[in-house]
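>>> Structure here, sequence nowhere to be found:
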């Protein structure tokens, strides 16, 4: 099952979702309304190899909690992502057992290719 994890109120996520091809067969998950489960995060971790790769250092909470001044471990990244949706770098696509994290142009080109091969 191919999925996109996003936040409906995020302008970047909305823009990316609008650009997706029609009939893309993705399951859409608004992680603000329906929080990530440990199992879902574990699946992303297995595919990405790192919780840090899934973690958003752009999150306002990251700055307000002064996390940039701390030396975070993989377990810390996991804990924060599970505690608050804003710590997941978005959007996250899981397509054909591959993970694509974030909305960079290069990443979105890979997502479009992956969706074309679904």
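Cool, got the structure. All values derive from a computational prediction rather than experimental measurement.

>>> Tell me the confidence at residue 70?
If you check residue 70, the pLDDT there is 94.

>>> And it, how far from residue 57?
Note on residue 70: its distance to residue 57, by C-beta to C-beta, to the nearest Å, is 12 Å. Bear in mind the C-beta positions are built from the backbone N, C-alpha and C, glycine included.

>>> Give me the more crowded residue out of the two.
A count of neighbours by other C-beta atoms under 10 Å puts residue 57 above the other of residue 70 and residue 57, at 12 against 9.

>>> Helix, strand, or coil at the more buried one?
coil (DSSP: H, G, I helix; E, B strand; the rest coil).

>>> What's the separation between the closest residue to it other than its chain neighbours and residue 7?
Leaving out its chain neighbours, the residue that sits closest to residue 57 by C-beta to C-beta, 6 or more residues apart in numbering is residue 68, at 7.0 Å. For residue 68, the distance to residue 7 (C-beta to C-beta) stands at 22 Å.
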